[in-house]
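Q: Provided below are the primary sequence and the corresponding predicted coordinates.
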Amino acid sequence: MPGPDAEMTSVTSAIPLETVALRILRLTAIPALLLGAIGSVSLMLRAGHNNNSLLLLFLFGLWVLSPFLLLILAERVAKTWSALARGTLYGLMLAITVGSLSIYGSVALGAPVAKTATVFVVAPPVSWLLTAAILSIAK
């Protein structure tokens with residue numbers, strides 16, 4: 001039995017709240033990003049279901065996946081970043097996921113439009129620029 005002068009520490013008090021919040025955000029953002037990538041490609045395939053070119057569908061699939069791959073790469077590099085920069089990255093993962101699924105979903109599941117491919121061509125570079133701009137500010 002410890003004496004009255006023994007220090008009592010708990011596991012939860014040893015971990016800063018900021019670290020716990022960052023871990024929760026990371027554990028939410030990474031699976032959401034993976035689901036967003038799968039959902040985005042699925043919606044792209046749905047929108048392009050009349051296209052008979054497997055090569056074109058494959059290339060569009062890589063194009064649509066590129067912002068998600070960029071964010072996964074950034075997460076690998078982010079191990080040495082500040083907590084603010086990593087938190088911003090995880091927030092971007094969630095924002096890009098929700099934004100991509102919303103945009104692609106409205107095109108793939110909405111009323112048919114003539115220029116469906118335009119959204120799938122423009123959205124990835126916009127995501128890259130958004131990611132680069134916000135992370136450069138956060139770092």
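A: Now that the structure is in, tell me what you want to look at. Model, not experiment: these values are computed from the prediction.
Q: Figure out the helix or strand that residue 112 lives in.
A: Assigned by DSSP states H and E, residue 112 belongs to no helix or strand.
Q: Over to residue 90?
A: helix 83-109.
Q: ditto for residue 43
A: Residue 43 belongs to helix 17-47, assigned by DSSP H and E.
Q: Show me what whatever helix or strand comes next after the helix holding residue 90 is packed against.
A: Under the assignment DSSP H and E, the closest C-terminal helix or strand after helix 83-109 is helix 116-138. Where contact means 3 or more CB pairs under 8 Å, 6 or more residues apart in numbering; DSSP states H and E, helix 116-138 is packed against helix 17-47, helix 54-77, helix 83-109. For every residue, glycine as well, the C-beta is placed using N, CA and C.
Q: Just name the most buried of those.
A: helix 83-109 (a mean of 18; mean count of other CB atoms under 10 Å).
Q: got the angle for that helix vs helix 116-138?
A: 170 degrees (axes from the mean of the first three to the mean of the last three CA atoms, to 10 degrees).
Q: Nothing else from me, thank you.
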